[in-house]
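[1] Make a model of this:
(chains A and B)
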Amino acid sequence: MHAIDRTAWRTLSALLALLIGVLPTFRAEAKSRARKERVLILRVESTQVPDAERVALTNALAESARRYKHYDIVVSKADLVEEMFEFECTEAGVECLEKIGKKQKVDRVVYSEVAKDGSGKLEWSMRVVGLRPVARVEQSTRQPLEGHDIQKVSERGLLVLIGPVDLPERAGTPPGTLTVRLAGGGVALVYVNEKLVGRTSVGGLTAPLAPGTYRLRVVRAGYKEWTTVVRVASDKTTEIAVSLELAPAPSAPPPGAPSPDEGLASKWWFWTAIGAVVVGGGIAVYALTRDDGAGTVGNASFSFDSGDAHLDPVFSGQ
Amino acid sequence: MRTTAPGTNSPPGARRTARPLAGLLIGALVACGGCAVDDDPAVDEGYGVFAFALGSKVPGASHMSVSVFQGPVTQPNQVPRYALGCVPYADADGSVKNPFTLDQLPVRSDYAVLVELFADSDCTDTVLRAYRGGIAVKAVTTAEAAEHPYYLQPAMLGAFTGMAQASAEAAAEVAKRSCTADAECQSAHPAAVCRNNKCELESLFPLNGGARRGLPTATTLEDGRVVVHGGVSVPGDGKSWTATSQRVEVFDPRLGRFESPAALIDAFEDVARTALGQTVAAGSSVLWTAAGSSRLVIAREGNKLRTGLDAASCTPGSTTCPVSDALARADLAGKVSVATTLPAPRGLPIVERMVTPAGQRLFVAGGAQLPLPKSGDSRLGDARLCQLEASTATCTDATGLMAAARANAATLCLDRTAQGCRRLLIFGGRASKAAPLAEIYDATNDVYEAVQFAGGNVPEQSHGGSLIALDGKTALLLGATSAALFLDPAGAVAPGGIAPLRVDIDESTSPTTLTLTPIALGAAAGSDGGKRALATAAAIPGGGALLVGGVDAAGAILGDALQFDAEGTIVGRVQLERARYGARLQPIGGAGPFGGCLMLVGGFSAASGGADEAISHIELFCPKAP
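    Predicted structure coming up:
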């Protein structure tokens, strides 16, 4: 490739990256220069653990949150039930959390609760609700709690919910380039800090990134997930070669287990489990609920059934 | 069932049907580490969920991917803004059809959606590709959006796939109305037309061709768009046909649908309203066009074809001659000029964009003088080199004459540059068997060169057809006939299809040597043996060629295509959705999802009443990756 082509490609890639939000940290930093976003950490809810443990969990979450220097962290001073009572909420849904968040004049609200999972073990469910442009769940996660350090669990949870603690320090410097190649054929998805940046194969995927440290994750159906931490330097290319290992085949259901058409099949989480087993690691829909600066969100519907074609918006002047 | 996605306001029945697949995705989101969307049962209430319902089984597909782009897809590995990874393409209970919905996308009007189905779990062996650009996401509910689903044009790879057609229900609803004008039908559906005082939902333009076109013209522009114009559509006394009143349609692969540029339609005059016209691309939005006839005779009579240019009125000074004498330069940006005219109308001349020492020129050679004589030969041997610019239009005579007077010859550029062709092989189209069957026009030196043949297998006569380059030294001659269709004074003649020939070209000899070899069709020979009249052929981008439709020796319309690989070996037969002859096969350009596919435009097909009809239906052929 000629030098001029490479320059043009870099420019185009950088523009594309900015457009599609490959560099979420850029966006966050740009916001921070104008005004730090305010994040409200609600007290942890649980009927499964004693109050003292609940307080300890809240303190751990608050301490983890305060590591984020690019956010203004606000920790709720009251139990959630008291806040809900004030707004006459019957459940801690999006509407209720929106009201609580608006009262505190924050941009995001982190709600979490500790409950037992299907096997009777405690897990910490967390959710962040963004208030702009409309209130909606932005991210959520479930972290196993039993036998784990609650401080580290809270850090992991916040990483998923609101991203990494550290931001690139030199956003004005030229970006670096990360190239990820997949050995052995096939196609895998590449995530940088949990953002899908594209598909890679033996030919490799090249992405421009701001200088900094990133968590790189490569996933392919039927193979073990591959992760590492990479450092990308300004105006330099970091090349990563990935060789994925085959994952063990999922085991057959035990005799007598309910079929998908009965019992468990009517529960949403049954399908969650099936999905995780069948396609775990090979699938991602990303950014559909993230705040990417759009003022309004909307819907569109598609079909490639010719029988629907006469309904296409081109025929209704839309 | 149109909408089965479990989004906001989905009907309860639909929610139940779609739950397994929708849940599959929700679960997968959890599996990817909480990278998106809530893991709460409240997702069914409709915030931030990628609702999904795809259960209609596509043969051979096991996995799929869905990608959403901001702006059109113009590159093979373009990074999507939103992407579903490689997921199983599950068949639910058979009641779920194809619609699906994206919720909570930022409102914009320039999304593109690409759905691909794969035969393997790695999502590398593509079975089907469906695409649409120019999609608007609006601030409406899921249910409201589902009322008007965008149609993603699918294309099965390695097969012909028809463009959108009206559902039987929609067509039946429109057909209940009587009418005297199209406007009276369009309250039933905007695409409905009035035909014989009955409303018909015949074409879903711009999701399919909008006009019936027999023997249309199609041109691929450098930016990938395909310009379709001309063709006859109106039957007269059962044998003669008149050109369509519709002028120009442009297929834009970036949108996955047609456009109808009003400026071009208004300005293109009647130059674009001819059948058998010839057009060449001269830039990203410029095309040059020449010849063509606004009236034709074409009819199947048993095992014979009656064809003609219907040019009896073409006496000197006539203003009613249907054969065009115009050369036009058209710019899709809207500037169109009827640049100049030939001294007299010519039937079926040789037309090519050539590079001469003076620059690009439109080479117009030979053709038949009109009206056609009852006997003898009216073909011409001279040529003109025409400069067609936005502000100037002039023609000069090429030096010398062709070694044979020719009309309706096949051509092959032996030395092509970005500016046009330097050396043009001209094959067939002669009336006299004593004249050379082929020759070469050298535009650099403005001379004609002789050609010699080695071996046997040289057809006594060859008219029309397509010479398709496989590489610099080999070509295929497809769809030629021994009958001089449209120029034979006898009128009804046997179709005379010539079986596919491999043409090896050796330019190291003097003169250039052509060696013709019949191609063994094996089991693909079928009843027609590859002898097809009024068929259409084109190179498959990436290698190989297709010979599509046509009429066999018995006068039957053929409903399949012969596919050849990059070496010219027969691959097999590929079925069409609709049997046809007099169609046009044209490559779609660009590097997007439809780039490298072929578009089969119009033609004639058997109608229910026994007579043939011109058709508007368009089919796509997208090759499998080599």
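
[2] can you give me the strands for the stretch 251-400 of chain B?
    Along the stretch 251-400 of chain B, counting by DSSP state E, counting those that start in this stretch, strands occupy B:257-259, B:278-281, B:286-290, B:295-301, B:304-308, B:326-331, B:336-341, B:346-347, B:350-356, B:359-365, B:368-369, B:383-388, B:393-397.

[3] and for the last one, what are the contacting residues?
    Looking back up the chat, that one is strand B:393-397. With contacts defined as C-beta atoms under 8 Å, 6 or more residues apart in numbering or on different chains, strand B:393-397 is touched by B:327, B:329, B:337, B:339-340, B:342, B:364, B:382-387. All C-beta atoms are positioned from the backbone trio N, CA, C, and that covers glycine.

[4] quick revisit: can you put the strands of the stretch 251-400 of chain B in CSV and add mean neighbour count and mean pLDDT?
    Listed next are the strands of the stretch 251-400 of chain B as CSV, based on neighbours: other C-beta atoms under 10 Å in any protein chain shown; pLDDT from 0 to 100:
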stretch, mean neighbour count, mean pLDDT
strand B:257-259, 21, 92
strand B:278-281, 20, 91
strand B:286-290, 25, 88
strand B:295-301, 21, 93
strand B:304-308, 22, 95
strand B:326-331, 23, 85
strand B:336-341, 19, 68
strand B:346-347, 28, 92
strand B:350-356, 22, 96
strand B:359-365, 23, 95
strand B:368-369, 23, 92
strand B:383-388, 22, 92
strand B:393-397, 15, 88
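
[5] Give me the helix or strand of chain A that scores worst on average pLDDT.
    Between all helices and strands in chain A, the lowest mean by mean pLDDT, DSSP states H and E belongs to helix A:268-279, at a mean of 21.

[6] right, is the helix or strand that comes right after that helix up against chain B?
    Downstream of helix A:268-279, the first helix or strand assigned by DSSP states H and E is strand A:297-303. Yes - for strand A:297-303 and chain B, the contact criterion (C-beta under 8 Å from any C-beta of the partner chain) is met by A:297-303.

[7] Pick out the most distant pair among those residues.
    A:297 and A:303 (21.3 Å; C-beta to C-beta).

[8] that older thread, make TSV out of the strands of the stretch 251-400 of chain B and add distance to residue B:524.
    Formatted as TSV, those follow (distance: least, C-beta to C-beta, whole Å):
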stretch	distance to residue B:524
strand B:257-259	33
strand B:278-281	30
strand B:286-290	35
strand B:295-301	24
strand B:304-308	24
strand B:326-331	39
strand B:336-341	43
strand B:346-347	34
strand B:350-356	31
strand B:359-365	35
strand B:368-369	35
strand B:383-388	38
strand B:393-397	45
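
[9] Quick one: closest of those strands to residue A:98.
    Using C-beta to C-beta, the nearest of the strands of the stretch 251-400 of chain B to residue A:98 is strand B:257-259, at 40.4 Å.

[10] helices or strands up against the closest one?
    strand B:248-252 (3 or more C-beta pairs under 8 Å, 6 or more residues apart in numbering or on different chains; DSSP states H and E).

[11] So which residues make contact with the strand it packs on?
    B:133, B:205-206, B:209-211, B:224-229, B:257-261, B:264-265, B:268, B:272, B:332, B:588, B:599.

[12] First-to-last residue distance for stretch B:532-544?
    Start-to-end span of stretch B:532-544 (C-alpha to C-alpha, to the nearest Å) is 18 Å.

[13] does residue A:178 really touch residue A:240, like I thought?
    Yes - counting by C-beta atoms under 8 Å, residue A:178 sits close enough to residue A:240 to count as a contact (7.0 Å).

[14] roughly how far apart are the one residue in the stretch 101-250 of chain B that gets nearest to chain A and residue A:111?
    Scanning the stretch 101-250 of chain B for proximity to chain A using C-beta to the nearest C-beta identifies residue B:106 as nearest, at 2.9 Å. For residue B:106, the distance to residue A:111 (C-beta to C-beta, to the nearest Å) stands at 24 Å.

[15] Between these two, which has more neighbouring residues?
    Each of residue B:106 and residue A:111 has its neighbours counted (other C-beta atoms under 10 Å in any protein chain shown); residue A:111 has more, 27 against 20.

[16] what residues are up against that one?
    Taking C-beta under 8 Å, 6+ apart, we find residue A:111 in contact with A:42, A:45, A:80, A:92, A:97, A:126-129.

[17] can you tell me the helix or strand for residue A:57?
    Residue-wise, residue A:57 maps onto helix A:51-65 under DSSP H and E.

[18] May I see the buried residues of that helix?
    Across helix A:51-65, burial judged by 16 or more other C-beta atoms under 10 Å in any protein chain shown covers A:53-54, A:57-62, A:64-65.

[19] which regions of the stretch 51-200 of chain A sit below the pLDDT cut-off?
    For the stretch 51-200 of chain A, applying pLDDT under 70 flags the ranges A:133-134, A:137-140, A:164, A:166-172, A:184-187, A:194-196, A:198.

[20] Strands along that one, start to end?
    Using DSSP E, counting those that start in this stretch, strands in the stretch 51-200 of chain A cover A:71-75, A:108-116, A:122-130, A:136-144, A:176-182, A:188-192, A:195-200.

[21] right, and the ones you listed - which one's nearest residue B:122?
    Closest among those, once you apply C-beta to C-beta, is strand A:188-192, at 9.0 Å.

[22] Can I get that closest one in PDB, CA atoms only?
    What follows is strand A:188-192, C-alpha atoms only, in PDB (Å, rounded to 0.1, in the frame of the first residue of the first chain):
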ATOM      1  CA  ALA A 188     -14.000 -14.000  15.300                       C
ATOM      2  CA  LEU A 189     -15.500 -10.900  16.900                       C
ATOM      3  CA  VAL A 190     -13.100  -8.400  18.400                       C
ATOM      4  CA  TYR A 191     -14.000  -6.300  21.400                       C
ATOM      5  CA  VAL A 192     -12.000  -3.400  22.800                       C
END
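
[23] Report the angle between it and strand A:176-182.
    150 degrees (axes from the mean of the first three to the mean of the last three C-alpha atoms, to 10 degrees).

[24] Output the contacting helices and strands for strand A:188-192.
    Looks like strand A:188-192 contacts strand A:176-182, strand A:195-200, strand A:205-209, strand A:212-219, strand B:82-88 (3+ C-beta pairs under 8 Å, 6+ apart).
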